[in-house]
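fold the following for me, if possible:
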Amino acid sequence: MLLGIIINICFSFYLQNSIKAALSLGDASSDLIADFSAPYALPRCKSKHSDLQAISPETVSNLIRGEYSEVIDNYVIVDCRYPYEYEGGHIEGAQNIYTKSDILDRFMKSDEFTSKAVDSNKKNVIIFHCEFSSERGPKMCRYLRESDRKENADQYPRLTYPEIYILEGGYKAFYEHESSQCTPQTYKPMLHADHSQDLKHFRAKTKSMNGSRCNRRRMLRC
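This next block holds a predicted model:
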C-alpha cells in the first residue's frame, strides 16, 4: 500500500511538471492556440509580454469591420481601464471589466459568450486591453487563463477560452490608428487632472477586490 502511495505521488509530481512545460510552450511561443487544437485565427504581432499573444490595432480594426468573419464566429473586447477612462472614449462594442471578480462572473460563471457560438468550425476570441496594454489588460488576460486552467484541470489541455489576446499598445494606440471606431471619439488618460479622486477610488477598489498590491511605479504604467 505504501508503495502505491509513493508511485501515485511521483506520478502526480511528474504530471504537474509535464503540464507546466506544455503550458510554457502552448501559451507563449507555439503557433497553436492554448488547447493545441488549431492555429491562431488572427495575425499576431510582437509584444513585450512574451507569455501572451498580441494583436495590432489594425487587426482589431479589421476584426470590427468583419474582415475575419470567415474564421471568427464571436469576439469580445474587454476594456480593463477604469470607468471614467472608458466613458471618455472606448472601442465600439468593448465591455468595461476591470476587476478579477467581474472577469470570473462574466466568463467563468456564465456561458453567455460561448452559448452565442453558431458555427462550431469558427473561433470565439477575447481581446484584452487597458490604456497602453502595459499592466491592467495583460494582468486580466493572465487571470482568465489561470482561472480557465484551474476550471479544466481534470481535462487538460481543454480550455473554455483557448484563444485570447491583448491589444498591443492599448486604447491609446487604437485611438491613434482608428478613432472613427471609438465611442465617443475621444481619449481620456488614466492620469487626467479632472479625475484624480476617481483614480484614487478605483485604485482602492481594484486593490481591495483583486486582493493584490501594486506599487506606484507599476500603477503609473497601467
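
helix, strand, or coil at the closest residue to K122 other than its chain neighbours?
Take K122 and drop its neighbours on the chain: the residue closest to it by C-beta to C-beta, 6 or more residues apart in numbering is D73, 3.5 Å away. In this view, the C-beta of every residue, glycine as well, is placed from N, C-alpha and C. Each residue gets one of three states, and D73 gets strand by DSSP: H, G, I helix; E, B strand; the rest coil.

tell me which residues touch L167, please.
By C-beta atoms under 8 Å, 6 or more residues apart in numbering, L167 lies in contact with 54-55, 57, 60, 77, 127-129, 133, 137, 173-174.

most neighbours, which of the residues you listed?
Using other C-beta atoms under 10 Å as the neighbour test, those are led by H129, with 33 neighbours.

list the contacts for it?
When contacts are counted by C-beta under 8 Å, 6+ apart, H129 touches 77-80, 91, 137, 166-167, 170-171, 174.

and with 7 Å instead?
H129 sits next to 79-80, 137, 166-167, 170-171 when contact means C-beta atoms under 7 Å, 6 or more residues apart in numbering.

what about the nearest residue to R106 once chain neighbours are set aside, how many neighbours?
Nearest non-adjacent residue to R106, counting by C-beta to C-beta, 6+ apart: I97, 5.9 Å away. Per other C-beta under 10 Å, the neighbour tally for I97 reads 21.

and I166, by the same measure?
So I166, with other C-beta under 10 Å, has 26 neighbours.

adjacent strands (with direction) for the helix or strand hosting it?
In this structure, I166 sits in strand 164-167 according to DSSP states H and E. With DSSP bridges as the test, strand 164-167 is paired with strand 54-55 (parallel), strand 123-129 (parallel).

and the longest one, how far out from the chain middle?
Which is strand 123-129. Relative to its chain's centre, strand 123-129 lies at 7 Å (C-alpha atoms, centre = their mean, to the nearest Å).

could I have the CA atoms of the helix or strand just after that strand written out in CSV?
Per DSSP H and E, strand 123-129 leads on to helix 136-151 as the next helix or strand towards the C-terminus. Provided in CSV are the C-alpha atoms of helix 136-151 (Å, rounded to 0.1, in the frame of the first residue of the first chain):
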residue,chain,number,x,y,z
ARG,A,136,-4.1,46.1,-16.3
GLY,A,137,-5.1,44.4,-19.6
PRO,A,138,-2.3,41.8,-19.5
LYS,A,139,-3.0,41.1,-15.8
MET,A,140,-6.6,40.3,-16.5
CYS,A,141,-5.7,38.3,-19.6
ARG,A,142,-3.4,36.1,-17.5
TYR,A,143,-6.0,35.8,-14.7
LEU,A,144,-8.6,34.5,-17.1
ARG,A,145,-6.2,31.9,-18.5
GLU,A,146,-5.2,30.9,-15.0
SER,A,147,-8.8,30.5,-13.9
ASP,A,148,-9.7,28.6,-17.1
ARG,A,149,-6.8,26.2,-16.5
LYS,A,150,-7.9,25.5,-12.9
GLU,A,151,-11.5,25.1,-14.0
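
got the buried residues for helix 136-151?
Neighbour-count burial for helix 136-151 flags 136-145, 147-149 (criterion: 16 or more other C-beta atoms under 10 Å).
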